[in-house]
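Participant: test case, fold it:
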Amino acid sequence: MKKYKISLVLNSFLCCAVILLCLSCSKNNYAQKATYQFKSETKIPDYSNLDYWAAHPWKKDLSDSVPADLQENYRPDSLTDVFFIHPTTLTDYSDARWNAEINDADINSKTDYSTILYQASAFNEKCRVFAPRYRQAHIRCFFQTTPETNNAFEIAYADVKAAFEFYLKNYNNNRPIIIASHSQGTKHAGRLLKEFFENKPLQQQLVCAYIIGLPVPVDYFSTLKPCNDSVATGCFVSWRTFRKDSEEPQLIADEKFKSVVINPLTWTNETGLVSSKLNKGGVLKNFNHVVPRVVSAQIHNNILWSSKPDVPGKIFFTQKNYHVGDINLFYMNIRENVATRISSYFKK
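Facilitator: Down below sits the predicted model:
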């Protein structure tokens, strides 16, 4: 368990790092510029107030954005709900807080213009997207195990749980559900799936859980199983992306547990190299441009190996940890797979 926690650290600290070929936090007019003048007097999110949702179908937000390359054929639908739990954006080490304040305009803006725009939007074609703001734990919490860090994660999860309970009571109405998450979001998503889905009636409404960016040990769940192909439902997928032939950081190579790794180019756990020809396209720094065949992918032990992104200037791209691109490098494969699994769910 100790090595598992260390692995969480090593896969989380780059969540909102500025990487040349991946996410950009620049503010552009993709869907609508957000405003952040709201203020909770209790410092606790009130999920009856749309301000405390980074994404919500009753308002226009950055999860509604669609790359320009896809807009001509974009046909929004609302067959299914996605509950998206965003990763860590409280990453400033000069910030002494253990948790982000729910009214922090800078953090909320950073969240919206990075992970909500570049990650949550991958799920918007066939789904209503719900993404709660929550008092996320500071990135340093992944590097320590103290009462303070444990409490920080508990506060963060309490908000996520409260948001999900509010969603179930007020919005779900027995609709199929997709759980999607990245990095710190996946830490909370795992707990949520155990508490609300495993061996519960709600498991029958689960289309798929895309819990990405942190290792999920093969024995983490009791009845919830990894998806074995592209059409399976009621299951989950997970992966962590590193550059091919990279074993860094070493502690990942030294992990003593087996984690679930699904290749998003095939949606199986087969370990052979999968050509970039099966990569339908990534969305990198330029949100409006889909880059076809951007990377190949291969499962290697507990991680997903990726080729260096095939874009101009790649010779200068030396990063080995592609954590920040876990979703973006496979944006179109995820987008199409969501539609496939929803169709499969309704056929069943």
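Participant: list the contacts for the residue nearest to residue 226 when sequence neighbours are not counted?
Facilitator: With C-beta to C-beta, 6 or more residues apart in numbering as the criterion, residue 226 has its nearest non-adjacent residue at 4.8 Å, and that residue is residue 260. C-beta here means a position set from N, CA and C on the backbone, and glycine is covered the same way. If you count contacts by C-beta atoms under 8 Å, 6 or more residues apart in numbering, residue 260 has them with 216, 217, 218, 220, 226, 236, 237, 238, 269.
Participant: please pick the buried ones from those residues.
Facilitator: Among these, those buried by neighbour count (16 or more other C-beta atoms under 10 Å) are 216, 217, 220, 226, 236, 237, 238.
Participant: hang on, the first one packs against residue 236?
Facilitator: This means residue 216. Yes: between residue 216 and residue 236 there is a contact under C-beta atoms under 8 Å: 7.3 Å.
Participant: residue 167: which of the contacts of residue 260 is nearest?
Facilitator: Nearest to residue 167 among the contacts of residue 260: residue 236, at 18.9 Å, using C-beta to C-beta.
Participant: what residues does the one helix or strand the closest one maps to touch?
Facilitator: According to DSSP states H and E, residue 236 maps onto strand 235-237. Contacts of strand 235-237 with the rest of the structure, by C-beta under 8 Å, 6+ apart, involve 179, 193, 208-212, 216, 221, 224-228, 260, 262, 264, 267.
Participant: I'd say residue 334 and residue 262 touch.
Facilitator: No: in terms of C-beta under 8 Å, residue 334 does not count as a neighbour of residue 262; the distance is 11.3 Å.
Participant: tell me which of these two has more neighbours.
Facilitator: Taking neighbours as other C-beta atoms under 10 Å, residue 334 and residue 262 compare with residue 262 leading, 25 against 22.
Participant: for beta bridges, what are the partners of the nearest residue to the more buried one once chain neighbours are set aside?
Facilitator: With C-beta to C-beta, 6+ apart as the criterion, residue 262 has its nearest non-adjacent residue at 4.2 Å, and that residue is residue 237. With DSSP bridges applied, the residues forming beta bridges to residue 237 are residue 210.
Participant: for residue 260, see how far away residue 237 is.
Facilitator: When C-beta to C-beta, to the nearest Å is applied, the distance between residue 237 and residue 260 equals 8 Å.
Participant: now residue 290, what are its backbone angles?
Facilitator: When read as degrees, to the nearest 10, the backbone of residue 290 gives phi -90, psi 120.
Participant: ok, it touching residue 329?
Facilitator: No: using C-beta under 8 Å, residue 290 makes no contact with residue 329, being 11.7 Å away.
Participant: following the chain past the helix or strand of the chain with the lowest mean pLDDT, name the next helix or strand.
Facilitator: The helix or strand of the chain with the poorest confidence is helix 2-10; it has a mean of 44 (mean pLDDT, DSSP states H and E). Counting by DSSP H and E, the element after helix 2-10 in chain order, helix or strand, is strand 53-55.
Participant: what's whichever helix or strand comes after that next one packed up against?
Facilitator: Once the chain leaves strand 53-55, the next helix or strand it forms, by DSSP H and E, is strand 80-85. If you count contacts as 3 or more C-beta pairs under 8 Å, 6 or more residues apart in numbering; DSSP states H and E, strand 80-85 packs onto strand 127-132, helix 147-167, strand 177-182, helix 184-196, helix 331-347.
Participant: as TSV, these with mean pLDDT would be great.
Facilitator: Putting the helices and strands packed on strand 80-85 into TSV (pLDDT from 0 to 100) gives the following:
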stretch	mean pLDDT
strand 127-132	97
helix 147-167	97
strand 177-182	98
helix 184-196	98
helix 331-347	97
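Participant: make JSON lines out of the ones you listed and add distance to residue 74.
Facilitator: Below are the helices and strands packed on strand 80-85 laid out as JSON lines (distance: least, C-beta to C-beta, whole Å):
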{"stretch": "strand 127-132", "distance to residue 74": "13"}
{"stretch": "helix 147-167", "distance to residue 74": "25"}
{"stretch": "strand 177-182", "distance to residue 74": "19"}
{"stretch": "helix 184-196", "distance to residue 74": "25"}
{"stretch": "helix 331-347", "distance to residue 74": "10"}
